[in-house]
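Asks: From the sequence below, what's the structure:
(chains A and B)
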Amino acid sequence: MELSSTQIGAITVVAPKGRIDHAQAPLFQQAMQSHVAACTQEGSPLLLDFSGVDYISSVGLRSLMLIARSVGAQKGKVAIAALQPTVREVFEISRFHLVLKVHDTVDAGVAALGTAA
Amino acid sequence: MKVRFWGTRGSIPVSITAKDVRAKIAAALRAARDRAQPIGDDAGIERFIDSLGFAVSGTYGGHSSCVEIETGAEDTGNEHLLCDMGSGARAFGQRMMERYGPARPQTYHVFMSHVHWDHIMGFPFFTPVYIPGNRIVIHGCHAELEHAFKRQQAAPSFPVDFSLLASTIEFDVMAPGDTRHVAGVTATTLKQHHGGDSYGWRFERAGKSVVYSTDSEHRLENAEETKVFVDFFRNADLVIFDAMYSLADAISVKADWGHSSNIVGVELCQMAGARRLCMIHHEPAYDDKRIDSVLAETRRFEEITRGDSALEVLSAWDGLEIVL
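Replies: Take a look at the predicted model:
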């Protein structure tokens, strides 16, 4: 699973690429582990830049659910940004836009996470 | 084969209310008022009704699980196949009594997903069980199969004890994976995830196949388990699938409640190369408009995730018939 990360101010922006399908989802989750661990109340808020993700399956969405749950338990902050149009549709059909805060752009996500209480 | 749905609602029967009916009439009158052309004669009225959309012109209905499979076999005598005995079994029994009356005994093979109340509650109201000469064979994999049916008719829950039923009633307790040859059809069963377990059924005849998989929580993150279900659904002409919840609900607040989502239904059918997906076990809190909306979204999801071949997506309603 190809995944890059950058720091924008206090925010860690993680950008996976490609398909997060049934085979890739466990690798995605594994690659996210250290970022999730650092996303605590005092640590770095986490923004997932999904501009490079062109497909996500139910198992991939479940990985996002587990990430959101772990971050929530640590009182950290996580959001997602820049969904491709079809991935955004999948989010809405599966109701995952109610699980994770979705931002139109990375900039909007960074701004929101930077100012959120 | 022909599949006829007598009960499609999940967990508990529901009914549309006077408020719902009024909203449908109002929507139809508004559509009539806004037309440029008059509706015209009776045929025009029928065309106008069809144009309104199912959420206005019809209703998905409220009976709990009951699905009839007409095998189409000519040499099956008077045998009928049914999946589950939810409240829809009452209407099915009435139809059978209208067709055959008390003088022409019939045999009913019932294939049970499990014995939760919404799947057995139609049995005491299934008129053929009171008619001498009729034979009812209840197939299932739960050791408590007989006990569950007898208990719901025992005092003080019901006025007519099971022992007073005049038909011949047999219980066929099968092992998971067992097969039965009934009314020209081969029926195979598979254990599913549900509180107290449930069982899916695959029916095959003359190159056609129907899978009935309700009250099952499919967990696709387990590759081995997924393969078992993909093989069970493989190339089915019709998969009748419990899509009660959204995916987000099914894997969070309603995890371990024993039901699946439209997303997982589409993915499993796509992996299996199934031809049609028919969603069933509708959430009782959903009205017709909401079920219509879930159907439209599911069709769109199928479209944007489609591989080489299209999967037809339907949403079951009480009275729907699907010819295979």
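Asks: following the strand or helix carrying B:Asp231, which helix or strand comes up?
Replies: Taking DSSP states H and E as the criterion, B:Asp231 maps to helix B:223-233. Downstream of helix B:223-233, the next assigned helix or strand under DSSP H and E is strand B:238-242.
Asks: counting contacts, what elements does that next one pack onto?
Replies: Where contact means 3 or more C-beta pairs under 8 Å, 6 or more residues apart in numbering or on different chains; DSSP states H and E, strand B:238-242 is packed against strand B:208-213, helix B:262-272, strand B:276-280. C-beta coordinates here come from the backbone N, C-alpha and C atoms, glycine included.
Asks: then the next helix or strand after that strand to PDB, C-alphas only?
Replies: Next helix or strand after strand B:238-242 toward the C-terminus (DSSP H and E): helix B:247-250. Output of helix B:247-250 as PDB, limited to C-alpha atoms (Å, rounded to 0.1, in the frame of the first residue of the first chain):
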ATOM      1  CA  LEU B 247     -22.900  -0.300   6.000                       C
ATOM      2  CA  ALA B 248     -21.900   2.300   8.500                       C
ATOM      3  CA  ASP B 249     -24.500   1.100  10.900                       C
ATOM      4  CA  ALA B 250     -23.900  -2.600  10.300                       C
END
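Asks: Contacts for helix B:247-250, please.
Replies: Around helix B:247-250, the neighbours that count as contacts under C-beta atoms under 8 Å, 6 or more residues apart in numbering or on different chains are A:58, A:61, A:65, A:94-96, A:98-99, B:217, B:244, B:257, B:259-264.
Asks: How about stretch B:21-36?
Replies: Residues outside stretch B:21-36 that contact it (C-beta under 8 Å, 6+ apart) are B:Ile39, B:Phe48, B:Ile49, B:Ser51, B:Leu52, B:Val56, B:Ser57.
Asks: Let me know the closest of these to chain A.
Replies: Set against chain A, the nearest of these by C-beta to the nearest C-beta is B:Val56 (22.9 Å).
Asks: Confirm B:Glu170 sits in a helix?
Replies: No: the assignment for B:Glu170, made by DSSP: H, G, I helix; E, B strand; the rest coil, is strand rather than a helix.
Asks: Report the contact partners of it.
Replies: Contacts for B:Glu170 were tallied using C-beta under 8 Å, 6+ apart; they are B:Arg135, B:Ile136, B:Val137, B:Ile138.
Asks: Also A:Thr86?
Replies: Contacts of A:Thr86 by C-beta under 8 Å, 6+ apart are A:Asp54, A:Tyr55, B:Ile304.
Asks: Is it correct that the second one is in contact with A:Arg19?
Replies: Which is A:Tyr55. Yes: applying C-beta atoms under 8 Å as the test, A:Tyr55 and A:Arg19 come out as touching, 4.3 Å apart.
Asks: all helices of the stretch 1-150 of chain B, in order?
Replies: Along the stretch 1-150 of chain B, the segments classed as helices by DSSP state H, counting those that start in this stretch run B:18-33, B:42-51, B:54-57, B:88-100, B:117-120, B:145-152.
Asks: how about those in TSV, adding mean pLDDT?
Replies: What follows is the helices of the stretch 1-150 of chain B, written out as TSV (pLDDT from 0 to 100):
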stretch	mean pLDDT
helix B:18-33	97
helix B:42-51	96
helix B:54-57	96
helix B:88-100	97
helix B:117-120	98
helix B:145-152	98
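Asks: of these, which approaches B:Lys2 most closely?
Replies: Evaluated with C-beta to C-beta, the helices of the stretch 1-150 of chain B place helix B:88-100 nearest to B:Lys2, the distance being 13.6 Å.
Asks: Now do the buried residues in that closest one.
Replies: B:Gly88, B:Ala89, B:Arg90, B:Ala91, B:Phe92, B:Gly93, B:Met96, B:Met97, B:Tyr100 (16 or more other C-beta atoms under 10 Å in any protein chain shown).
Asks: ok, of the residues you listed, which one's closest to B:Asp292?
Replies: Nearest to B:Asp292, judged by C-beta to C-beta, of those is B:Gly88 at 20.4 Å.
Asks: Next up, the contacts around that closest one.
Replies: Contacts of B:Gly88 by C-beta under 8 Å, 6+ apart are B:Phe5, B:Trp6, B:Gly7, B:Thr8, B:His63, B:Ser64, B:Ser65, B:Cys66, B:Val67, B:Gly122, B:Asp318.
Asks: Out of these, who's the most crowded?
Replies: B:Ser65 (36 neighbours; other C-beta atoms under 10 Å in any protein chain shown).
Asks: tell me the SS of A:Thr40?
Replies: Secondary structure of A:Thr40, per three-state DSSP, is coil.
Asks: Return the backbone torsion pair for it.
Replies: Dihedral pair for A:Thr40: phi -110, psi -180, per degrees, to the nearest 10.
Asks: What are the contacting residues of stretch A:72-84?
Replies: A:39-41, A:43, A:45-51, A:53-54, A:64, A:67-68, A:71, A:91, A:100-106, A:108-109, A:112-113, A:116.
Asks: how close does the residue most central in space within chain A get to A:Gly76?
Replies: Geometric centre of chain A, nearest residue: A:Leu48, 3.3 Å, by C-alpha atoms, centre = their mean. In this view, A:Leu48 and A:Gly76 are 13 Å apart by C-beta to C-beta, to the nearest Å.
Asks: Relative to B:Ser209, which of the contacts of A:Thr86 is nearest.
Replies: Using C-beta to C-beta, these come closest to B:Ser209 at B:Ile304, 26.8 Å.
Asks: Show me what from the stretch 201-324 of chain B comes close to chain A.
Replies: B:220-221, B:223, B:226, B:246-249, B:251-252, B:261-264, B:267, B:297-298, B:300-301, B:304-305 (C-beta under 8 Å from any C-beta of the partner chain).
Asks: Now with 7 Å, please.
Replies: Within reach of chain A by C-beta under 7 Å from any C-beta of the partner chain, the stretch 201-324 of chain B has these residues: B:220-221, B:246-249, B:251-252, B:263-264, B:267, B:297, B:300-301, B:304.
Asks: Most neighbours out of the residues you listed, which is it?
Replies: Busiest of those [other C-beta under 10 Å] is B:Ile263, holding 29 neighbours.
Asks: list the contacts for B:Arg202?
Replies: Applying C-beta atoms under 7 Å, 6 or more residues apart in numbering or on different chains to B:Arg202 gives the contacts B:Thr188, B:Ser209, B:Val211, B:Phe232.
Asks: Kindly format the C-alpha coordinates of stretch B:263-281 as PDB.
Replies: Taking Å, rounded to 0.1, in the frame of the first residue of the first chain, the C-alpha atoms of stretch B:263-281 are listed here in PDB:
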ATOM      1  CA  ILE B 263     -23.100  -2.500   0.000                       C
ATOM      2  CA  VAL B 264     -22.000  -6.000   1.200                       C
ATOM      3  CA  GLY B 265     -24.900  -7.500  -0.800                       C
ATOM      4  CA  VAL B 266     -23.600  -6.000  -4.000                       C
ATOM      5  CA  GLU B 267     -20.000  -6.900  -3.300                       C
ATOM      6  CA  LEU B 268     -20.800 -10.500  -2.500                       C
ATOM      7  CA  CYS B 269     -23.000 -10.900  -5.600                       C
ATOM      8  CA  GLN B 270     -20.300  -9.300  -7.800                       C
ATOM      9  CA  MET B 271     -17.600 -11.600  -6.500                       C
ATOM     10  CA  ALA B 272     -20.000 -14.600  -7.000                       C
ATOM     11  CA  GLY B 273     -21.100 -13.500 -10.500                       C
ATOM     12  CA  ALA B 274     -24.700 -13.600  -9.500                       C
ATOM     13  CA  ARG B 275     -27.300 -12.200 -11.900                       C
ATOM     14  CA  ARG B 276     -29.800 -10.500  -9.600                       C
ATOM     15  CA  LEU B 277     -29.700  -9.200  -6.100                       C
ATOM     16  CA  CYS B 278     -33.100  -8.800  -4.300                       C
ATOM     17  CA  MET B 279     -32.900  -6.900  -1.000                       C
ATOM     18  CA  ILE B 280     -35.200  -8.100   1.800                       C
ATOM     19  CA  HIS B 281     -35.700  -7.800   5.500                       C
END
